[in-house]
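Engineer: sequence first, predicted coordinates after that:
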Amino acid sequence: MFRSTIIRSARTVAFASSGARTRMPRSSLAAVAAFSAVTVSAVTYISETSQERQNHKIAMCDVPKLPVEGVPGTKYERTFLAVKPDGVQRQIIGDIISRFEKRGYKLVGLRMEWPTKEKAAEHYADLSKKPFFPGLVNFFSSGPIVCMCWEGLDIIKQGRQMLGETQPLASKPGSIRGDYSIDLGRNICHGSDSPESAKHELEMWFPEGVNDYGRVNDKWVYEK
Ligand code: DAT
Ligand code: MG
């Protein structure tokens, strides 16, 4: 279809530049010349106008700077979510990001990092006395993870709900763990469980900060 349109267009140009021109009366040629001149100046005018617009009024999404953890309890609340090494290997990064995007949450930080054992141990420091801790640290540092900072109303609690329960058996279908995992030690994703842990984990995984930006469709996601 696309190819035949190109062929048709090429034929039309060939026709216009051969037989058509010889048969065209002088008055028509003058009209075509005048029309071309008008078109060229209109195009020039439009491009200059848009250039001026760009110079003077560039579309921007600037907002005031927030702390990395945002403002808990508001639509600027933030959490740290991660796709663990098993989620990266199983190629479901896009699906996980998509679920949060479709829900209306805003991605403000995104980075892939292969955690060292030390960083994995620091991340799970609260579980350091558990018997499964060494295995957990080995697993979490076994490949790259995708670090994300998501922003939005109730994102800390809602993020945990969308992840599902720690134990895949208890995770409802429709949640990430309920859709993609079977085994506790391969449960795909991580999410901060409180405003305090969100702040701690965001400071740890995003020392360079995240992106504070306004979003045009906020009024279609939030009533206020
Ligand atoms: P969550 O990841 O839901 O916040 P958690 O912080 O209690 O759960 O534990 C961190 C991870 O450690 C969890 O996602 C999987 C693993 N884990 C938890 N309990 C475990 C257990 N009893 N045996 C093996 N691994 C466990
Ligand atoms: Mg936890």
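Structural biologist: Structure received. Ligands and ions are numbered 1, 2, ... in the order given.
Engineer: show me what the residue nearest the centre of the chain bridges to in the sheet.
Structural biologist: In the chain, the residue lying closest to the centroid (CA atoms, centre = their mean) is residue 107, at 6.0 Å. Beta-bridge pairing of residue 107 under DSSP bridges involves residue 150.
Engineer: contacting residues for it?
Structural biologist: Residues near residue 107 by CB atoms under 8 Å, 6 or more residues apart in numbering: 97, 100, 101, 148, 149, 150, 151. Bear in mind the C-beta positions are built from the backbone N, C-alpha and C, glycine included.
Engineer: separation between it and residue 67?
Structural biologist: As judged by CB to CB, to the nearest Å, residue 107 and residue 67 stand 18 Å apart.
Engineer: kindly report the same for residue 189.
Structural biologist: Distance, residue 189 to residue 67, using CB to CB: 24 Å.
Engineer: the two: which has the busier surroundings?
Structural biologist: When residue 189 and residue 67 are compared for neighbours, residue 189 comes out ahead with 24 against 14, by other CB atoms under 10 Å.
Engineer: does the more buried one touch residue 82 like I think?
Structural biologist: Yes: counting by CB atoms under 8 Å, residue 189 touches residue 82, with 6.6 Å between them.
Engineer: got the residues of the chain near ligand 1?
Structural biologist: Within reach of ligand 1 by CB under 6 Å from any ligand atom, the chain has these residues: 127, 132, 136, 166, 184, 185, 187, 190, 193.
Engineer: residue 198 touches residue 81, doesn't it?
Structural biologist: No: the pair residue 198 / residue 81 is not scored as a contact, 9.7 Å apart, by CB under 8 Å.
Engineer: show me the protein divided up by domain.
Structural biologist: Domain segmentation of the chain under automatic domain parsing yields 2-56, 78-221.
Engineer: many thanks, have a good one.
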